[in-house]
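Novice: the sequence and its predicted three-dimensional model are supplied below.
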Amino acid sequence: MSATAPASSAYWLPFTPNRYFAEHPKILAGAKGAYYTTSDGRTLFDSLSGLWCSPLGHAHPAIAAAFARQPHVLDFAPSFQFGNPQAFALAERVADLAPGSLDHVFFVNSGSEAVDTAIKLAIAYHRARGQGQRFRIIGRERGYHGVGIAGISVGGMVANRKTFAPLMMNGVDHLRHPWDPAEMAFSRGQPAWGAHLAEDLERLVALHDASTIAAVIVEPVQGSTGVLVPPQGYLQRLREICTRHGILLIFDEVITGYGRLGTPFAAQAFNVQPDLLTFAKAITNGTIPLGGVLVDRNVRDTILHSDSPAHAPEFLHGYTYSGHPMSCAVGLATLDAYASEGLFQRAAELAPIFEAAVHSLRGTPGVTDIRNTGLMAAVELAPVPGKPGLRGFTTFEHGFNNDILLRAAGDAISLAPPFISTADQIHSMVDSLRLAITAAQAAG
Ligand SMILES: Cc1ncc(COP(=O)(O)O)c(C=O)c1O
């Protein structure tokens, strides 16, 4: 396969500067374990588990086997009016891993669809209990909830939103994000400062009145804008305020779900119970698209026992590929692998090694903050004056041209290595990042 990607290529790459890419193509041609291979034969350490989705590493034999087997059993079944054994089995397994009364699962195909679905569930729930006037959804600055209209509306990434401003959902407002480098730079784990920022929600309640607010949606750890770790007590306070005002709390766990913090979900790591929880990515180790929403028992019961006739669907929502037997078979094999290889536990054990390694970058010229929790971290770099994002981009380029696949979030570099990584691999990942940061600094 050729490494060339001519400007005339038919393939339009997502979230990629396509004109630049045509001149500087980056083709990943193979992957095994914690490494990718480029089309020119170089090996790159996978420092972000793909796009946060492959904690088991690549080419896992049990997943490959489940993938190969399932088309011979059931390749597709209509998702409307019919069930299939793989979807039932996986829903049970997902619910078993979830905290508290999150015991029902609505399957979708991606994180963006999971967010859309969770928001619709929140609205449908309030309507079913006679509070249809609750239509507002509160998101958060710097939040990323995918690219659907609902997701960019509640999301807080300005660049993703500005072009589509006329399409934004009505009734959305935003909490401030909880990152303040003046107070929390170089915190290890949850910053001690900042729980009071959750009181922003009380301000929005006072502004809009609780009777108009359906739900608050947050990522427990904001991933895509560079691993913003919630201050100690912050999520608990959000939970208390939501409960006091009858507002649903949605955790978007598309990145944090399935062991990234050493527990199945971040909800357990932070000991905060959401009413709805979105997941995707690592549920299939990234091998095949699958996402879903874990739904609290009371929310589901309220919607199911609304006044729709017995022959009509209670919740008019779903995708052709909801509960796809292929995805669910792969999901089952993935959950089996996490369990049999003890990988959530392994992520928890690697976390302090990872924390120490990442924080060893403190003092490297140009590093202005380091944030981490579990097996996720970000290293914030001083921007090139007047050119936000360029430093992060140049660092990523240096990594790619050497031995590491990096992910830049603006001028921060995010890290989320596979759970199968060894301590040696973690150390050499950080060494490679140090070299890339230094080279990008030297480039000016
Ligand atoms: C928290 C969060 N929500 C939603 C999404 C969107 O997921 P997808 O790209 O599968 O639509 C992402 C993707 O990174 C995410 O991090």
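Specialist: Arrived safely.
Novice: any idea how far the closest residue to W52 other than its chain neighbours lies from the ligand?
Specialist: Distance criterion CB to CB, 6 or more residues apart in numbering; nearest residue to W52, sequence neighbours excluded, is I255 at 4.6 Å. C-betas here are computed from N, CA, C, even on glycine. Separation of I255 from the ligand (CB to the nearest ligand atom, to the nearest Å): 4 Å.
Novice: okay, I255: pLDDT?
Specialist: pLDDT for I255: 98.
Novice: distance check, it against V115.
Specialist: 12 Å (CB to CB, to the nearest Å).
Novice: E219 is in contact with the residue nearest to W52, correct?
Specialist: Yes - under the criterion of CB atoms under 8 Å, I255 makes contact with E219 at 6.9 Å.
Novice: what sits against the residue nearest to W52?
Specialist: 52, 219, 221, 223-224, 281, 376, 416 (CB atoms under 8 Å, 6 or more residues apart in numbering).
Novice: just checking, it is part of a strand?
Specialist: No - per DSSP: H, G, I helix; E, B strand; the rest coil, I255 lies outside any strand segment and is coil.
Novice: quick one: buried residues of stretch 66-79?
Specialist: Neighbour-count burial for stretch 66-79 flags 66-67, 70, 79 (criterion: 16 or more other CB atoms under 10 Å).
Novice: quick one: the residue of the stretch 201-350 of the chain found nearest the ligand from G194, how far?
Specialist: Using CB to the nearest ligand atom, V254 is the residue of the stretch 201-350 of the chain that sits closest to the ligand, at 3.5 Å. Separation of V254 from G194 (CB to CB): 23 Å.
Novice: and if you look at A66?
Specialist: The value you get for A66 to G194, if CB to CB is used, is 43 Å.
Novice: ditto for G155
Specialist: 21 Å.
Novice: please apply the same query to G148.
Specialist: Taking CB to CB, one finds G148 at 29 Å from G194.
Novice: list the contacts of the closest residue in space to L228 that isn't next to it in sequence.
Specialist: Take L228 and drop its neighbours on the chain: the residue closest to it by CB to CB, 6+ apart is Q222, 3.9 Å away. Counting by CB under 8 Å, 6+ apart, Q222 touches 140, 142-144, 177, 179, 228.
Novice: returning to what we had before: in helices, which of the contacts of I255 fall?
Specialist: Among the contacts of I255, the residues falling in helices (DSSP state H) are W52.
Novice: the contacts of I255 also near the ligand: which ones?
Specialist: 219, 223-224 (CB under 6 Å from any ligand atom).
Novice: filter these down to the buried ones.
Specialist: Buried members of those, scored by 16+ other CB under 10 Å, are 219, 223-224.
Novice: grab the most central residue of the protein for me.
Specialist: Centroid-nearest residue in the chain, with CA atoms, centre = their mean: I255, separated by 2.4 Å.
Novice: ok, G155 and G194, which is more surrounded?
Specialist: A count of neighbours by other CB atoms under 10 Å puts G155 above the other of G155 and G194, at 28 against 21.
Novice: can you list the buried residues in stretch 374-391?
Specialist: 374-381, 383-384, 390-391.
Novice: please apply the same query to stretch 56-68.
Specialist: Within stretch 56-68, the residues that count as buried by 16+ other CB under 10 Å are 56-58, 60, 63, 66-67.
Novice: sounds good, over and out.
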